[in-house]
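Trainee: Build me a model:
(one chain, ligands or ions: 1)
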Amino acid sequence: MPAMVHMKVKTNQRILNADAVKRVGEEIIVRGWINARRDMGKIAFLDLRDRSGLLQVVLVPAELSATARESMKDLRPEYCLSIRGIVQQRGAKQINPNLATGTIELLAKDVEVLNTAKTLPFDIADTSAINEELRLKYRYLDLRSARMLKNLDLRDRVVSFFRNFLHEQGFIEVETPFLTKGTPEGAREFLVPSRMHTGKFYVLPQSPQQFKQLLMVAGVEKYFQIARCFRDEDQRGDRQPEFTQLDLEMSFVTQEDIMELIEKMTLAMVKTIAPQKTISAKPFPRIAYRDCIAKYGSDKPDLRKNKTDSNELAFAWVVDFPLFEDDGHGGMQAAHHPFCMPHAEDVDLLDHEPLKVRACSYDLVLNGFELSSGSIRIHQRELQEKIFRLLGLTDQEITERFGHILEAFEYGAPPHGGIAPGIDRLVMLLADEPNIREVMAFPKTGDARDLMMGAPSEVEPARLEEAHIAIKNPKVSRRRAPDAGRRT
Ligand code: ASP
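Mentor: Residues are numbered from 1 along each chain as shown. Sure thing, here's the model as predicted:
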């Protein structure tokens, strides 16, 4: 430890660990958590962790204030500390090349315990092998691990990139309601009872689909939103009851325009945020739905040359999905959602062979996952009504459920279309994580529980009363009820 002339801290300003490397010889204040403690006789070393990383702190009794010397023996992992000390260069042999701050250390002068900590329920060095229920119960501790913090950071950078990119292209972000009426996209919706309107319910949106179309009628032209979507489905596979889409919609565009925009944005994002990844094919290959099923037996094929290489990103477009599909009960359902425009060449088939009609829709797939779905929408009332009728809705149902959007189409609705890339899946693949929960701050379990908050939970009888709700059979769990939809 070479002797040094040092300047006193002028203010009470705390700096990040990572910035300490620029402050050799200076007195600084750092704050964070004890990641590890090593005792070497009288001297002790702490690895202090903050958002920016680790910093080695040396505790030498003779250098410490009286109170710090006193508390030195009590400092345990995960205690939250404020430390004033002098940044000093490490000797050549002490340099740790694996640490961003490995060339320096902090010689502590004063240590203030901001808070003590119990022994953690698990080791946060790497939580990937820890029981997931325990991790979810103590998510705030799980998120202290470097991997999880890195995932949150990556997600933020991906989302920020998209926001900036779209703003540069003239899009504006518009928020749409969470308390709304159903959007028919196949999945069951969460219900929210209305206290003020007895017996009535809001639903949480499966996606902002109708709102973004109505924003096009409003003349917004280029809309996007980092949108939370809610689907009350049994959690088959890697799904969550709430998830995030980059929802977007444009007016006066062709399918080609939207696909080009998404492709350009995705390539730019990967280049900036995940340059270690390689893209299998550019431009992204396009496969017609029928050929895709015939060739790969799936509408979301994994087209990587090496299926085990997580650094390879095989994007592809699947186009020309059918507009309708057999619902298994003698009727038809929308293959995507009922707002998709039928292919101009196939409109004549609507009356005779509707199952043969192709939609102007497109999915972006990545490494075997459906990343986004989009379509050109219907913007004429008559055609939209016809589609609803083909889907088996009565005139009364059409008016009750969709009167608002049909009416909107009568006020000069522009041609429009859009898409909605799923953020969770994309970040999961960029982070090489095995499931989307690893890239969500507070995900739910496979059976839709939040183990940290204890949700869902019972509520006081008075609250039920206010919401005009009586629980019929409190003991019966509805967890295994079948899905309403088949959309993924
Ligand atoms: N709303 C659709 C979905 O959630 C996406 C779209 O058509 O833009 O899949």
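Trainee: now the longest helix seen in the chain, how far from the chain's geometric center?
Mentor: When the chain is scanned for its longest helix (criterion: DSSP state H), the result is helix 146-168. Averaged C-alpha coordinates place helix 146-168 at 10 Å from its chain's average position (C-alpha atoms, centre = their mean, to the nearest Å).
Trainee: neighbours of the residue of the stretch 1-150 of the chain found nearest the ligand, just the number please.
Mentor: Checking the stretch 1-150 of the chain residue by residue against the ligand with C-beta to the nearest ligand atom singles out residue 136 as nearest, at 25.8 Å. (C-beta placed from N, C-alpha, C; glycine too.) The tally of other residues near residue 136 (other C-beta atoms under 10 Å) stands at 18.
Trainee: could you point out which element follows the helix or strand harbouring it?
Mentor: Of the helices and strands defined by DSSP states H and E, residue 136 is found in helix 132-137. Of the helices and strands lying after helix 132-137 in sequence (DSSP H and E), the nearest is helix 139-142.
Trainee: Kindly spell out which helices and strands sit in contact with that following helix.
Mentor: Secondary-structure packing of helix 139-142 (3 or more C-beta pairs under 8 Å, 6 or more residues apart in numbering; DSSP states H and E): no helix or strand packs against it.
Trainee: quick thing: my sequence starts at 43, can you match it?
Mentor: Understood, numbering begins at 43; the last thing we discussed is helix 181-184.
Trainee: need the residues of this structure near the ligand, please.
Mentor: Applying the criterion C-beta under 6 Å from any ligand atom, the portion of the chain that neighbours the ligand consists of 227, 249, 251, 415-417, 460-462.
Trainee: Which of those residues fall in helices?
Mentor: Among the residues of the chain next to the ligand, the members falling in helices (DSSP H) are residue 251.
Trainee: Now tabulate the residues of the chain next to the ligand in JSON lines and tack on pLDDT and distance to residue 304.
Mentor: Compiled in JSON lines, the residues of the chain next to the ligand are given as follows (pLDDT from 0 to 100; distance: C-beta to C-beta, whole Å):
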{"residue": "227", "pLDDT": "68", "distance to residue 304": "19"}
{"residue": "249", "pLDDT": "95", "distance to residue 304": "16"}
{"residue": "251", "pLDDT": "96", "distance to residue 304": "17"}
{"residue": "415", "pLDDT": "96", "distance to residue 304": "11"}
{"residue": "416", "pLDDT": "97", "distance to residue 304": "8"}
{"residue": "417", "pLDDT": "98", "distance to residue 304": "13"}
{"residue": "460", "pLDDT": "98", "distance to residue 304": "10"}
{"residue": "461", "pLDDT": "98", "distance to residue 304": "6"}
{"residue": "462", "pLDDT": "98", "distance to residue 304": "10"}
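Trainee: A helix includes residue 428, no?
Mentor: Yes - counting by DSSP: H, G, I helix; E, B strand; the rest coil, residue 428 is located in a helix.
Trainee: Would you check that it makes contact with residue 396?
Mentor: No - with contact defined as C-beta atoms under 8 Å, residue 428 does not reach residue 396; the gap is 10.1 Å.
Trainee: Find the nearest non-adjacent residue to the residue nearest the centre of the chain, please.
Mentor: Nearest to the mean C-alpha position of the chain, counting by C-alpha atoms, centre = their mean, stands residue 466 at 3.8 Å. By the measure of C-beta to C-beta, 6 or more residues apart in numbering, the closest residue to residue 466 outside its immediate chain neighbours is residue 478, 4.0 Å from it.
Trainee: And for residue 481?
Mentor: The spatially closest residue to residue 481, leaving aside those adjacent along the chain, is residue 469, at 4.3 Å (C-beta to C-beta, 6+ apart).
Trainee: hmm, back to that, surely the residue nearest to the centre of the chain is in contact with residue 477?
Mentor: No - look at residue 466 against residue 477 with C-beta under 8 Å: they stay out of range, at 9.4 Å.
Trainee: so who does the residue of the stretch 43-192 of the chain closest to the ligand touch?
Mentor: 184, 479, 485-487, 492-494 (C-beta atoms under 8 Å, 6 or more residues apart in numbering).
Trainee: Quick one: mark the members of these that sit in helices.
Mentor: For the contacts of residue 178, the ones inside helices are residue 184, with DSSP H as the criterion.
Trainee: what's the closest of the contacts of residue 178 to residue 209?
Mentor: Nearest to residue 209 out of the contacts of residue 178 is residue 485 (C-beta to C-beta; 28.5 Å).
Trainee: ok, the closest one to residue 428 distance?
Mentor: Between residue 485 and residue 428 the computed distance is 41 Å (C-beta to C-beta, to the nearest Å).
Trainee: ditto for residue 321
Mentor: With C-beta to C-beta as the criterion, residue 321 and residue 428 are 41 Å apart.
Trainee: ok, now residue 339?
Mentor: Taken as C-beta to C-beta, the span from residue 339 to residue 428 is 33 Å.
Trainee: So for the two, which sits in the more crowded spot?
Mentor: For residue 339 versus residue 428, neighbours defined as other C-beta under 10 Å are more numerous around residue 428 (16 against 8).
Trainee: if you skip the residues just before and after it, what's nearest to the more buried one?
Mentor: Residue nearest to residue 428 in three dimensions, not counting chain neighbours: residue 392, with 6.8 Å by C-beta to C-beta, 6+ apart.
Trainee: circling back: hang on, the residue nearest to residue 466 packs against residue 485?
Mentor: Yes - between residue 478 and residue 485 there is a contact at 7.2 Å, judged by C-beta under 8 Å.
Trainee: what touches both of those two?
Mentor: Both residue 478 and residue 485 are in contact with residue 282, where contact means C-beta under 8 Å, 6+ apart.
Trainee: Can you show me the helices along the stretch 243-392 of the chain?
Mentor: Under the criterion DSSP state H, counting those that start in this stretch, helices of the stretch 243-392 of the chain are mapped to 251-259, 297-315, 331-338.
Trainee: out of these, which comes closest to residue 241?
Mentor: For the helices of the stretch 243-392 of the chain, the distance to residue 241 is smallest for helix 251-259, at 23.3 Å, taking C-beta to C-beta.
Trainee: Apart from its neighbours in sequence, what residue is nearest residue 437?
Mentor: Sequence neighbours aside, residue 431 is the residue nearest to residue 437 in space, at 7.9 Å (criterion: C-beta to C-beta, 6+ apart).
Trainee: what about the one you found, which helix or strand?
Mentor: Element membership of residue 431, judged by DSSP H and E, is helix 423-432.
Trainee: ok, residues contacting that helix?
Mentor: Under the criterion C-beta under 8 Å, 6+ apart, residues 365-366, 374, 376, 380-381, 384, 392, 396, 420, 437, 439-440, 444, 447-449, 451-452 lie in contact with helix 423-432.
Trainee: hmm, back to that, let me see the contact set for the residue nearest to residue 428.
Mentor: In this structure, residue 392 makes contact with 384, 399, 428, 432, judged by C-beta under 8 Å, 6+ apart.
Trainee: One more pass at 10 Å, please.
Mentor: Neighbouring residues of residue 392 by C-beta atoms under 10 Å, 6 or more residues apart in numbering: 365-366, 384, 398-399, 425, 428-429, 432.
Trainee: picking up where we left off before, hmm, the residue nearest to residue 481 is touching residue 479, no?
Mentor: No - using C-beta atoms under 10 Å, residue 469 is not in contact with residue 479; the gap is 11.5 Å.
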